[in-house]
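A.B. asks: what follows is a predicted structure for the sequence shown.
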Amino acid sequence: QVHLEESGGGSVQAGGSLRLSCAASGATYSSRCMGWFRQAPGKEREGVAVVFIAGGNPWYAATVKGRFTISPDNATNTVYLQMNGLKPEDTAIYSCAADSLCNGSWLWWGQGTQVTVSS
């Protein structure tokens, strides 16, 4: 079992930055990939960024590529999402997830953290 806890959400004006953190605990050795997802009111959850713990190129959604950066800190079992150039359409609840198979089905989820971007 892997427990995930997000932090770092908040309210910013358009153009601002936030850094989200996702701290993993428990059987972290089981987690081979971690990702950030978001869900805006009235919309389906969408993937934002995914990273493999062992390395390799991260994946980003087209809507955030060039503005967001996902980075794992294996020493602290934490994954960060640096968000720059925030837009009002980035407003959503952001959740992190982890999985052992990394086949698109995410096994462990955090509770989520709210990000609000005002124009």
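C.D. replies: Nice, I can see it.

A.B. asks: where does the most centrally placed residue in the chain land on pLDDT?
C.D. replies: Among the residues of the chain, the one closest to the centroid is Trp36, at 2.4 Å (CA atoms, centre = their mean). On pLDDT, Trp36 comes in at 98.

A.B. asks: likewise Gly9?
C.D. replies: So Gly9 comes in at 96 (pLDDT).

A.B. asks: burial measure for it, as a count.
C.D. replies: Residues within reach of Gly9, counting by other CB atoms under 10 Å, total 17. C-betas here are computed from N, CA, C, even on glycine.

A.B. asks: surely it and Gln114 touch.
C.D. replies: Yes: taking CB atoms under 8 Å as the definition, Gly9 is a contact partner of Gln114 at 4.9 Å.

A.B. asks: now do the shared contacts for those two.
C.D. replies: Shared contacts of Gly9 and Gln114 (CB atoms under 8 Å, 6 or more residues apart in numbering): Tyr94.

A.B. asks: buried residues in the helix or strand where Val50 lies?
C.D. replies: Secondary structure assignment for Val50, by DSSP states H and E: strand 46-52. Residues 47-51 are the ones in strand 46-52 that count as buried (16 or more other CB atoms under 10 Å).

A.B. asks: partners of that strand in the sheet?
C.D. replies: Note on strand 46-52: by DSSP bridges, its sheet partners are strand 33-39 (antiparallel), strand 59-60 (antiparallel).

A.B. asks: tilt between the following helix or strand past the shortest one and strand 33-39?
C.D. replies: Sequence-wise, the next helix or strand beyond strand 59-60 is strand 68-73, with elements assigned using DSSP H and E. Taking axes from the mean of the first three to the mean of the last three CA atoms, to 10 degrees, one finds that strand 68-73 is oriented at 140 degrees with respect to strand 33-39.
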